[in-house]
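Chemist: Take a look and give me a structure for this.
(chains A and B)
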2 protein chains.
Amino acid sequence: MTSVRETVNESEPRASRKRHVILQAARTVFLRNGYVGTSMDEIAGLAAVSKQTVYKHFTDKECLFSELVTTTVSEISDRVHEELLNLEDSGKLEEDLSAWARRTLASVMQPAVLQLRRLVIGEATRFPELGRTFYELGPRRTIETLATVFAQLAERGVLQLDDPALAAEHFNWLIMSAPLNRAMFFGDDQPLAAGDLDRYADAGVRVFIAAHGTPGHE
Amino acid sequence: MTSVRETVNESEPRASRKRHVILQAARTVFLRNGYVGTSMDEIAGLAAVSKQTVYKHFTDKECLFSELVTTTVSEISDRVHEELLNLEDSGKLEEDLSAWARRTLASVMQPAVLQLRRLVIGEATRFPELGRTFYELGPRRTIETLATVFAQLAERGVLQLDDPALAAEHFNWLIMSAPLNRAMFFGDDQPLAAGDLDRYADAGVRVFIAAHGTPGHE
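Modeler: Below is the predicted model:
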């Protein structure tokens, strides 16, 4: 995959605004038509810029799609990451993990993020690079941060675990998997209510603490 | 979604053979071209039958795809279901759950099944009925059977759990999620080795037993 070509010559704020408008248009067109069904012409039309302007900001369709994935996933991932790093100093483990899990699950379950996830998975057989970008910036980054936090909690005797990386994978998927997999297959039909998502988040945390908690640290 | 039209007039074994050949061709074409990119013409060509013959067995493209999903998922799901029902009489819970989890994970992680799963997810925004068919016959059926088995194990004091259905969801995704989500995004690149899959299966079972096991029943 080619990387984003940095040859924008316009004044920065204006260029940055145009870039944003193009990305918004790209999101709409890709989610509506799928990857193969999307053309740079249609994105330019919806963004009300010339095709040359689109190509000035993004080398090709693959690059534009990759940038859309990066922007969308990183926006969530940055917040998730930051909130996780604030976990380690509190004394109320279950409460804190549940609050984090609820917020993170709600972010991941936003309809536009789910649609992008489905699109990326649908194209991953033909374009595994696109899938890898989503995976590395999303789930893998969260799991690695979780592993760091869990290792610290284990050192302080708050958790007991042999393998922080594996425990982090289990924790992440205990929270996310049931609602996320359902949503992957159901499309936008019958979305779960916020209360159901909270219950999945809390229940996942309870199983994790039952398996890895230590007496006196609930 | 329309259901499969049962108007086949040929002698049964020959009709059944043709049906099988058409389904095999459909699998190849759908996985190669995606749902939208597949035509009944191309399937007929690969199956070396007339287009009329395809339509005699399957009303339309949606119906043929639905039948492909049903056949593929049910084939795995039937075995998974049957093996689960044999679990309840053994005394070695962790060993038995691990053996089942290893076999089930290996089935779900077959490349052709992963490709179909990606294709169905990729189309679920536009065709949620296709996704629902996969979900109901696959994950939901397994989880419901797990819930029945876990409820019986809880009655016998081998597991402790308040909510067998929720415990079944947790168990299923503790086993499947990490390798399955990775594979969804990585396409067919860098598949995990059989040994890695077994380790995920065993580790998921250990977390489940740590959370829900009872003393003296390991």
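
Chemist: C-alpha only now, for contacts and for neighbours.
Modeler: Fine.

Chemist: what helices or strands is the longest helix seen in chain A leaning on?
Modeler: Under DSSP state H, the helix in chain A containing the largest number of residues is helix A:61-85. The elements that helix A:61-85 packs onto, with contact taken as 3 or more C-alpha pairs under 8 Å, 6 or more residues apart in numbering or on different chains; DSSP states H and E, are helix A:12-33, helix A:93-108, helix A:111-123, helix A:128-135, helix A:141-155.

Chemist: now these in CSV, with mean pLDDT and distance to B:W100?
Modeler: Written out in CSV, the entries for those read as follows (pLDDT from 0 to 100; distance: least, C-alpha to C-alpha, whole Å):
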stretch, mean pLDDT, distance to B:W100
helix A:12-33, 90, 38
helix A:93-108, 94, 29
helix A:111-123, 94, 27
helix A:128-135, 92, 28
helix A:141-155, 95, 26
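
Chemist: Save those as CSV, and put in distance to B:N181 and mean neighbour count too.
Modeler: Conversion of the helices and strands packed on helix A:61-85 to CSV gives the following (distance: least, C-alpha to C-alpha, whole Å; neighbours: other C-alpha atoms under 10 Å in any protein chain shown):
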stretch, distance to B:N181, mean neighbour count
helix A:12-33, 21, 16
helix A:93-108, 14, 19
helix A:111-123, 9, 24
helix A:128-135, 9, 22
helix A:141-155, 13, 19
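
Chemist: Turn these into CSV, including distance to A:V49.
Modeler: Conversion of those to CSV gives the following (distance: least, C-alpha to C-alpha, whole Å):
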stretch, distance to A:V49
helix A:12-33, 8
helix A:93-108, 31
helix A:111-123, 24
helix A:128-135, 25
helix A:141-155, 35
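
Chemist: between those, which one is nearest to B:S66?
Modeler: Counting by C-alpha to C-alpha, B:S66 lies closest to helix A:111-123 out of the helices and strands packed on helix A:61-85; the figure is 16.7 Å.

Chemist: I would like the residues contacting the closest one, please.
Modeler: Helix A:111-123 is contacted from outside by A:31, A:34-35, A:69, A:72-73, A:108, A:130-131, A:134, A:183-184, A:187-188, B:118-125, B:184-185, B:187, using C-alpha atoms under 8 Å, 6 or more residues apart in numbering or on different chains.

Chemist: okay, the angle between it and helix A:128-135?
Modeler: Counting by axes from the mean of the first three to the mean of the last three C-alpha atoms, to 10 degrees, helix A:111-123 lies at 150 degrees to helix A:128-135.

Chemist: Can you give the distance of helix A:111-123 from its chain's centre?
Modeler: Taking C-alpha atoms, centre = their mean, to the nearest Å, one finds the center of helix A:111-123 at 11 Å from the center of the full chain.

Chemist: in stretch A:80-97, what counts as buried?
Modeler: A:V80, A:H81, A:L84, A:L87, A:E88, A:L93, A:E94, A:D96, A:L97 (16 or more other C-alpha atoms under 10 Å in any protein chain shown).

Chemist: Disregarding residues adjacent in the polypeptide, which is nearest to the residue in chain A that chain B sits nearest to?
Modeler: Using C-alpha to the nearest C-alpha, A:G122 is the residue of chain A that sits closest to chain B, at 3.7 Å. Computed as C-alpha to C-alpha, 6 or more residues apart in numbering or on different chains, the closest residue to A:G122 that is not its neighbour in sequence is B:G122, at 3.7 Å.

Chemist: and what of A:V21?
Modeler: Skipping the residues right next to it in sequence, A:V21 comes nearest to A:A47 by C-alpha to C-alpha, 6+ apart, at 5.9 Å.

Chemist: can you tell me which residues contact that neighbour?
Modeler: Residues A:V21, A:I22, A:Q24, A:A25 are the ones in contact with A:A47 under the rule C-alpha under 8 Å, 6+ apart.

Chemist: Next up, the contacts around the second one.
Modeler: Translated: A:I22. Counted by C-alpha under 8 Å, 6+ apart, A:I22 has contacts A:I43, A:A44, A:A47, A:V54.

Chemist: returning to what we had before: and the residue nearest to A:G122, how far from B:Y35?
Modeler: B:G122 sits 9 Å away from B:Y35, going by C-alpha to C-alpha, to the nearest Å.

Chemist: what do you get for A:E136?
Modeler: As defined by C-alpha to C-alpha, A:E136 lies at a distance of 27 Å from B:Y35.

Chemist: same thing with A:L93?
Modeler: Taking C-alpha to C-alpha as the measure, A:L93 falls 46 Å from B:Y35.

Chemist: and if you look at A:L87?
Modeler: Between A:L87 and B:Y35 the distance, using C-alpha to C-alpha, works out to 44 Å.

Chemist: Look up the closest residue to A:T72, ignoring the ones flanking it.
Modeler: Leaving out its chain neighbours, A:T72 is closest to A:V113 (C-alpha to C-alpha, 6+ apart), at 7.4 Å.

Chemist: Can I get stretch A:198-217 as CSV, trimmed to CA atoms?
Modeler: Once non-C-alpha atoms are left out, stretch A:198-217 reads as follows in CSV (Å, rounded to 0.1, in the frame of the first residue of the first chain):
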residue,chain,number,x,y,z
ASP,A,198,-23.6,-1.7,29.6
ARG,A,199,-24.7,-5.1,30.9
TYR,A,200,-22.3,-6.9,28.6
ALA,A,201,-19.5,-4.6,29.7
ASP,A,202,-20.2,-5.2,33.4
ALA,A,203,-20.6,-9.0,33.0
GLY,A,204,-17.3,-9.3,31.1
VAL,A,205,-15.5,-7.4,33.8
ARG,A,206,-17.0,-9.7,36.5
VAL,A,207,-15.8,-12.9,34.7
PHE,A,208,-12.3,-11.3,34.3
ILE,A,209,-12.2,-10.4,38.0
ALA,A,210,-13.5,-13.8,39.0
ALA,A,211,-10.6,-15.4,37.1
HIS,A,212,-7.8,-12.9,37.8
GLY,A,213,-8.8,-10.9,40.9
THR,A,214,-7.1,-11.2,44.3
PRO,A,215,-8.8,-11.3,47.7
GLY,A,216,-9.2,-7.8,49.2
HIS,A,217,-9.0,-6.1,45.8
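
Chemist: Mind putting the buried residues of stretch A:80-97 into CSV with distance to B:R156?
Modeler: Output for the buried residues of stretch A:80-97, formatted as CSV (distance: C-alpha to C-alpha, whole Å):
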residue, distance to B:R156
A:V80, 41
A:H81, 43
A:L84, 40
A:L87, 39
A:E88, 39
A:L93, 32
A:E94, 30
A:D96, 35
A:L97, 32
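
Chemist: domain parsing for chain A?
Modeler: Listed by automatic domain parsing, the domain ranges of chain A are A:1-59, A:69-212.
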